[in-house]
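Undergrad: quick one, fold the following:
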Amino acid sequence: MAPITEVDRFPIEKKMDDLSFASPAGQETKGVSFPIVDLARYPIDRKGSPALGEVIRSAKDKYRSDGIVTFPGFLVPSAIASAVEDINRGIGEGDAWVTDKKHNVFLDSGDDTFGEEHARNKKLNTRVAALAYDRLSADNVLRLLYENDDFMNFLCAILEMDVDGKTLYRSADPLGAW
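TA: Below is the predicted model:
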């Protein structure tokens, strides 16, 4: 698999925050001394703050209306560069699951009762490479983010998984934790 090199294809703001991202309790960050999340824009470390409340409210509204929410600039550029470098350094041939296929949005053979350009039949290309969680180094910024309780609480609040007994869990499967 070719190394990932297109870091600047992501819509990233160049804003940096002086705060370093907190590692999960009791874990060392093993040299990660730069911010991972733009905490000025996405203050996930300030539970209960008005600023975080506004980010969560806005994200909930967007999720409810559109079914998806994005967070441009959530990861700072140095965190993305570090993750890409770590992944490229740590993967060997055959480590990642890779697919490059054409299919319709339903992942089936389509429906002849509709035209070729109908959404039901239109073929789209999907190119994906996925690296299993257990292949990430212990100090990979994506792994640190995944394991961070502030990030988990942020997701739970947006998805309303913190009410009515609904809970969001991290996967115990070391291959498919993502």
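
Undergrad: number of residues surrounding Ser78?
TA: Other residues near Ser78 come to 14 when the count uses other Cβ atoms under 10 Å. No exception for glycine: its C-beta is placed from N, CA and C like everyone else's.

Undergrad: I'd guessed it sits against Val37; true?
TA: No. Using Cβ atoms under 8 Å, Ser78 is not in contact with Val37; the gap is 11.4 Å.

Undergrad: name the SS class of Gly94, please.
TA: State at Gly94, reduced to three classes by DSSP: H, G, I helix; E, B strand; the rest coil: coil.

Undergrad: do you know how far it is from Ala129?
TA: Gly94 is 12 Å from Ala129, where distance means Cβ to Cβ, to the nearest Å.

Undergrad: go on, Asp173?
TA: From Asp173 over to Ala129 the distance is 19 Å, taken as Cβ to Cβ.

Undergrad: can you tell me the element the residue of the chain most remote from its centre falls in?
TA: Distance from the C-alpha centroid of the chain, by Cα atoms, centre = their mean, peaks at Thr113 (37.8 Å). In this structure, Thr113 sits in neither a helix nor a strand according to DSSP states H and E.

Undergrad: cool, Arg143 as well?
TA: Going by DSSP H and E, Arg143 is in helix 141-147.

Undergrad: assumed Ala130 was part of a strand.
TA: Yes. Judged by three-state DSSP, Ala130 forms part of a strand.

Undergrad: and for it, nearest residue in space, chain neighbours not counted?
TA: Excluding its sequence neighbours, the residue lying closest to Ala130 (Cβ to Cβ, 6 or more residues apart in numbering) is Trp97, at 4.8 Å.

Undergrad: surely the one you found is within a strand?
TA: Yes. Counting by three-state DSSP, Trp97 falls inside a strand.

Undergrad: right, and Val69 touches Ile158 too?
TA: Yes. Assessed by Cβ under 8 Å, Val69 is found in contact with Ile158 at 6.9 Å.

Undergrad: report how many residues lie close to Glu160.
TA: When counting by other Cβ under 10 Å, one arrives at 14 neighbours for Glu160.

Undergrad: now for it: which residues touch it?
TA: Contacts for Glu160 (Cβ atoms under 8 Å, 6 or more residues apart in numbering) come out as Lys60, Lys166.
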